[in-house]
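A.B. asks: generate coordinates for the sequence data below:
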Amino acid sequence: MTELLELIKSTHLQRISDIHEQKKVWFRLSEKFNPDIKLYRTGRPSVIIAGETGDLGLSVLWIVQATLTRPILNEIILKSEDDEDLSLMLGKINQNSLCALAHSESPKEPVVLSKTAGGYLLNGEKKFITAGKNSGMMFVTCRMPGDEKISRMAVINTAELPADSLPELELPIMKSVSHTKLVLKDTAVQNFQVPRIDPAFTRRMIKKYGILERALILESFLSFLLYAEKSLFLQGIELSPTGDIQSLIEMQSVSVAKQIDEAVYNDRIETENIGLNKLFPLIDIFKKAYIKAEHILPETEKVKLRDLFLFDSLKG
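C.D. replies: Residues are numbered from 1 along each chain as shown. Down below sits the predicted model:
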């Protein structure tokens, strides 16, 4: 465990510009911590990574794999009609695979699935893909022409996409992980790549696991604040009273454990996260301290602590 944490810390700057190194570190992480959220009612690796290494991007990558792509994969296998070609495609995903969910989109440019004589065509854009160019498989939510909401999901082999389909997002945050858009222009998919799943079920599934993802990201961000507090203290920056971050983590962790059970055993998640009204004033204190200390921070810490602006960047 210590060796893995040291690897994560020592390669942070390298991974910003080297997506191959990102994949190597992911392989080591997934070998140690299988991205199956059912295994982690306590001691979640996303919290450990954020708190011990300050790598919020890698923490979020594990969360996406454990709470979105693997559960969706399992639901597709269980709910779709038997199809040998689809089973063969999905059977290639293992513990170390990097998958992506392509869901967020602009209402003006939704991804539309059109039937053709030999299969389907996909057109439209998805705004934010975690894992991006490192993903091997992508689950793309889409709608048929005329549908007001998503109604289908396409399974795509990322390697088969045109080179310009995944433009990199130049985000100021979470730079240790590839984040891209997805641009689809008459992208052909075969019939078996569009599992025949009830549209209402598809929407409920995406909503449920999206709620769980956000709960774990909030938990990890709180742990990241502990890392930031130590990092700033080492530079002689003592924060004004920040409250008991550890108690907030414990409260959120209890909430997350309940949400995991609800996601596994129920159709809906009812448990709520800690109130953001408790978090945002705390974040403001940290952001002000970061701005004050930015000029004296080592480059690695400067890059990591920019993730204090996570919520600002995502809103922007």
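A.B. asks: from what I see, residue 8 and residue 55 are in contact.
C.D. replies: Yes. At 5.5 Å, residue 8 and residue 55 qualify as touching, with contact defined as Cβ atoms under 8 Å. Quick note: C-beta positions are derived from backbone N, CA and C, even for glycine.
A.B. asks: anything in contact with each of those two?
C.D. replies: Residues touching both residue 8 and residue 55 by Cβ atoms under 8 Å, 6 or more residues apart in numbering: residue 49.
A.B. asks: neighbour count winner among those two?
C.D. replies: Neighbour count, other Cβ atoms under 10 Å: between residue 8 and residue 55, residue 55 has more, with 28 against 21.
A.B. asks: phi, psi of that one?
C.D. replies: phi -90, psi 80 (degrees, to the nearest 10).
A.B. asks: list the contacts of it.
C.D. replies: 8, 9, 12, 49, 176, 304.
A.B. asks: how close does it get to residue 281?
C.D. replies: 25 Å (Cβ to Cβ, to the nearest Å).
A.B. asks: repeat that for residue 179.
C.D. replies: 28 Å.
A.B. asks: same question, residue 58
C.D. replies: Separation of residue 58 from residue 281 (Cβ to Cβ) stands at 27 Å.
A.B. asks: these two: which has the busier surroundings?
C.D. replies: Shown here are residue 58 and residue 281; by other Cβ under 10 Å, residue 58 has more neighbours (26 against 11).
A.B. asks: not counting sequence-adjacent ones, nearest residue to residue 150?
C.D. replies: Excluding the flanking residues, the one nearest residue 150 by Cβ to Cβ, 6 or more residues apart in numbering is residue 141, at 4.4 Å.
A.B. asks: hang on, that neighbour is in a strand, isn't it?
C.D. replies: Yes. The assignment for residue 141 (DSSP: H, G, I helix; E, B strand; the rest coil) places it in a strand.
A.B. asks: what's across from it in the sheet?
C.D. replies: residue 153 (DSSP bridges).
A.B. asks: which residues does it contact?
C.D. replies: Counting by Cβ under 8 Å, 6+ apart, residue 141 has contacts 101, 102, 103, 111, 150, 152, 153, 202, 206.
A.B. asks: what helix or strand is the residue nearest the centre of the chain located in?
C.D. replies: The chain has residue 64 as the residue nearest its centroid, 3.4 Å off, counting by Cα atoms, centre = their mean. Residue 64 belongs to helix 56-64 when elements are defined using DSSP states H and E.
A.B. asks: what do you get for residue 217?
C.D. replies: Taking DSSP H and E as the definition, residue 217 sits inside helix 199-234.
A.B. asks: by how many degrees do that helix and helix 56-64 diverge?
C.D. replies: 150 degrees (axes from the mean of the first three to the mean of the last three Cα atoms, to 10 degrees).
A.B. asks: distance from the helix or strand following helix 199-234 to the middle of the chain?
C.D. replies: The first helix or strand that comes after helix 199-234 along the chain, using DSSP H and E, is helix 245-265. On the basis of Cα atoms, centre = their mean, to the nearest Å, helix 245-265 sits 18 Å off its chain's mean C-alpha point.
A.B. asks: show me what helix 245-265 is packed up against.
C.D. replies: Helix 245-265 sits against helix 199-234, helix 276-293, with contacts defined as 3 or more Cβ pairs under 8 Å, 6 or more residues apart in numbering; DSSP states H and E.
A.B. asks: contact partners of it?
C.D. replies: Contacts for helix 245-265 (Cβ under 8 Å, 6+ apart): 37-38, 40-42, 44, 47, 67, 71, 208-209, 211-212, 215-216, 218-219, 222-223, 225-226, 229, 268-274, 278-279, 282.
A.B. asks: now with 6 Å, please.
C.D. replies: 37-38, 41, 208, 212, 215-216, 218-219, 222-223, 225-226, 269, 271, 273-274 (Cβ atoms under 6 Å, 6 or more residues apart in numbering).
A.B. asks: give me the buried entries from those.
C.D. replies: Buried members of the contacts of helix 245-265, scored by 16 or more other Cβ atoms under 10 Å, are 37, 208, 212, 215-216, 218-219, 222-223, 225-226, 269, 271, 273-274.
A.B. asks: roughly how far does the nearest residue in space to residue 293 that is not next to it in sequence sit from residue 249?
C.D. replies: Nearest non-adjacent residue to residue 293, counting by Cβ to Cβ, 6+ apart: residue 237, 4.6 Å away. As judged by Cβ to Cβ, residue 237 and residue 249 stand 21 Å apart.
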